[in-house]
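> fold the following.
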Amino acid sequence: MVNNAYNSYKNNAIMTASPAELTLMLYNGAIKFCNLTIDSIEKNNMANAHKYNIRVQDIIIELKITLDKKYEIAEEMDRLYTYILKILREGNIEKNVDKINEAKGLITVFRDTWREVMNKGPATVKEPTTTHA
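Residues are numbered from 1 along each chain as shown. Model prediction:
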């Protein structure tokens with residue numbers, strides 16, 4: 001019963017979130033799955049490491065495809081997301097914690113920057129028709 005309540009809460013949070021908040025949730029999810037990937041590699045559970053790494057990749061792909069190309073920064077973000085995907089894939093194939101940590105570090109910088117922009121107020125974060133600029 002507690003699990004159902006939590007899932008309902010989580011689903012409601014997602015359904016009522018603004019595009020800016022959804023982007024923040026995606027970054028947080030990517031960091032969480034990086035941590036789970038690293039933990040799984042360290043525990044020699046390669047099946048889970050692969051599963052969690054794919055989840056991170058899926059999130060980065062979602063962030064990448066929802067970039068609003070009318071903003072100049074979108075091209076740079078696209079290149080950075082492509083790089084993150086590259087090191088995530090290499091880290092997954094090699095089961096290399098250092099590469100996963102590198103990806104996590106970049107994602108964390110993006111998340112922290114995004115949160116800072118959000119905290120400056122709604123005038124700073126335009127609510128685009130896509131998830132993020």
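> okay, now the unreliable bits of the chain?
1-15, 122-133 (pLDDT under 70).
> residues making contact with stretch 38-54?
33-34, 36-37, 88, 91-92, 95, 97, 100-101, 104 (C-beta atoms under 8 Å, 6 or more residues apart in numbering). C-betas here are computed from N, CA, C, even on glycine.
> can you get me the start-to-end distance on it?
13 Å (C-alpha to C-alpha, to the nearest Å).
> report the buried residues of that stretch.
By neighbour count on 16 or more other C-beta atoms under 10 Å, the buried set for stretch 38-54 is 38, 40-41, 49-50, 52-53.
> report the two of those residues separated the most.
I38 and H50 (12.8 Å; C-beta to C-beta).
> picking up where we left off before, which of the contacts of stretch 38-54 sits closest to I61?
Nearest to I61 among those, with distances taken as C-beta to C-beta, is L88, at 10.2 Å.
> you'd agree the closest one is up against A103?
Yes: counting by C-beta atoms under 8 Å, L88 touches A103, with 5.0 Å between them.
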